[in-house]
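Student: Show me the folded form of this:
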Amino acid sequence: MAKAIFHREFHYSSRTRNAGWSAYPKAEAQSFPREFIEAAVKAGCAERVDSNCVGREVPA
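Tutor: Modelled structure (predicted):
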């Protein structure tokens, strides 16, 4: 699963399987299948987040 922060509402139907997803704007990172996250980023509705760094402070 990939993570992203959504800035706008986004709905998507999979091109490879019989499934669809929806995401709504939220300040926290949300987890969805990689296919969905890639489509949302391409559409400008979300920013991908490195799932290894979510919730951790980044050293200066």
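Student: so the closest residue to residue 1 other than its chain neighbours, which of the three states?
Tutor: Among residues not flanking residue 1 along the chain, residue 31 sits closest, at 4.5 Å (CB to CB, 6 or more residues apart in numbering). Just so you know, the C-beta spots here come from the backbone N, C-alpha and C atoms, and that holds for glycine as well. Put simply, residue 31 is strand when judged by DSSP: H, G, I helix; E, B strand; the rest coil.
Student: surely residue 31 meets residue 5?
Tutor: No: contact criterion CB atoms under 8 Å: residue 31 and residue 5 do not qualify, at 11.4 Å.
Student: These two: which is more packed in?
Tutor: residue 5 (16 against 13; other CB atoms under 10 Å).
Student: For the more buried one, name its beta-bridge partners.
Tutor: residue 47 (DSSP bridges).
Student: separation between residue 28 and residue 20?
Tutor: Distance, residue 28 to residue 20, by CB to CB, to the nearest Å: 22 Å.
Student: And residue 32, by the same measure?
Tutor: Relative to residue 20, and taking CB to CB, residue 32 is found at 11 Å.
Student: got the buried residues for stretch 29-37?
Tutor: 29-30, 32, 35-37 (16 or more other CB atoms under 10 Å).
Student: would TSV of the residues you listed with distance to residue 43 and pLDDT be doable?
Tutor: Shown next, in TSV, are those (distance: CB to CB, whole Å; pLDDT from 0 to 100):
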residue	distance to residue 43	pLDDT
29	18	96
30	15	96
32	13	96
35	13	96
36	11	97
37	11	97
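Student: In those residues, find the pair that's most separated.
Tutor: 29 and 35 (17.1 Å; CB to CB).
Student: List the single closest residue to residue 38 in space, sequence neighbours excluded.
Tutor: Using CB to CB, 6+ apart, the nearest residue to residue 38 is residue 2, at 7.7 Å.
Student: Cool, thanks, talk later.
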